[in-house]
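> sequence unavailable; structure follows:
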């Protein structure tokens with residue numbers, strides 16, 4: 001159930017954008033952007049989409065306003081930020097972060113692999129190969145200090 005006073009539908013978000021001072025052209029640009037974003041991430045809510053879109057598109061305008069207030073950044077330079085690498089990077093990051101809990105799938109996949117027979121077969125093959133290498137080194141170097149050390153390791157491994 002939506003929280004009262006917080007826009008939940010696209011129409012409510014567009015109404016909020018009018019109240020926030022966006023033009024009809026900007027609202028149409030948001031609607032087009034949101035349709036493309038929802039196609040990539042169906043879980044994206046209109047309000048979350050508005051937040052991401054506003055952060056990316058208002059970056060240049062916000063810098064221009066702050067610069068105008070402080071007298072440090074001319075508005076013309078700030079308007080040139082639209083389409084720059086920083087704005088594109090912010091938009092691509094927002095598009096890439098669909099679900100912050102996606103990394104948990106990798107942990108689940110690890111434990112899923114532990115229950116597969118092929119995983120344990122590979123582990124056994126690795127241990128057998130390591131044992132063969134140790135035995136081979138001990139036989140090649142028999143009669144030397146290295147051979148005696150390898151033989152001790154092989155015996156200890158066999159007992160374990």
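Cool, the structure landed. Owing to the predicted nature of the structure, the values given are computational and were not obtained by experimental measurement.

> tell me the domain boundaries of the protein?
Domain assignment for the chain by automatic domain parsing gives 10-96, 104-159.

> tell me the pLDDT at residue 132?
Residue 132 is assigned 91 on the pLDDT scale.

> any idea which of the domains of the chain is most buried?
Across those, averaging neighbours per residue (mean count of other Cβ atoms under 10 Å) puts domain 10-96 on top, at a mean of 14. In short, each C-beta sits where N, CA and C put it, glycine included.

> okay, and the helix or strand of this protein with the least pLDDT?
Within the chain, confidence by mean pLDDT, DSSP states H and E is lowest for helix 75-79 among all helices and strands, at a mean of 55.

> where does this structure have low pLDDT?
Low-confidence segments of the chain, defined by pLDDT under 70: 1-7, 57-87, 90-91, 93-100, 160.

> same thing but at 90, please
Counting by pLDDT under 90, the chain has low-confidence residues at 1-116, 131, 133-160.

> in it, which spans are helices?
10-19, 24-40, 46-70, 75-79, 85-96, 104-114, 117-140, 145-159 (DSSP state H).

> which residues does the first one contact?
Looking back up the chat, that one is helix 10-19. Helix 10-19 is contacted by residues 7, 26-27, 30-31, 34, 46-47, 49-50 when judged by Cβ atoms under 8 Å, 6 or more residues apart in numbering.

> closest one of these to residue 106?
residue 49 (27.0 Å; Cβ to Cβ).

> for that closest one, what are its contacts?
13, 30, 33-34, 37-38.

> got JSON lines for these, with distance to residue 130 too?
As requested, the contacts of residue 49 are exported to JSON lines (distance: Cβ to Cβ, whole Å):
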{"residue": "13", "distance to residue 130": "61"}
{"residue": "30", "distance to residue 130": "60"}
{"residue": "33", "distance to residue 130": "55"}
{"residue": "34", "distance to residue 130": "56"}
{"residue": "37", "distance to residue 130": "51"}
{"residue": "38", "distance to residue 130": "52"}
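
> and of these, the nearest to residue 157?
Using Cβ to Cβ, the contacts of residue 49 come closest to residue 157 at residue 37, 56.6 Å.

> how near is that closest one to residue 138?
63 Å (Cβ to Cβ, to the nearest Å).

> now swap in residue 35 and tell me
69 Å.
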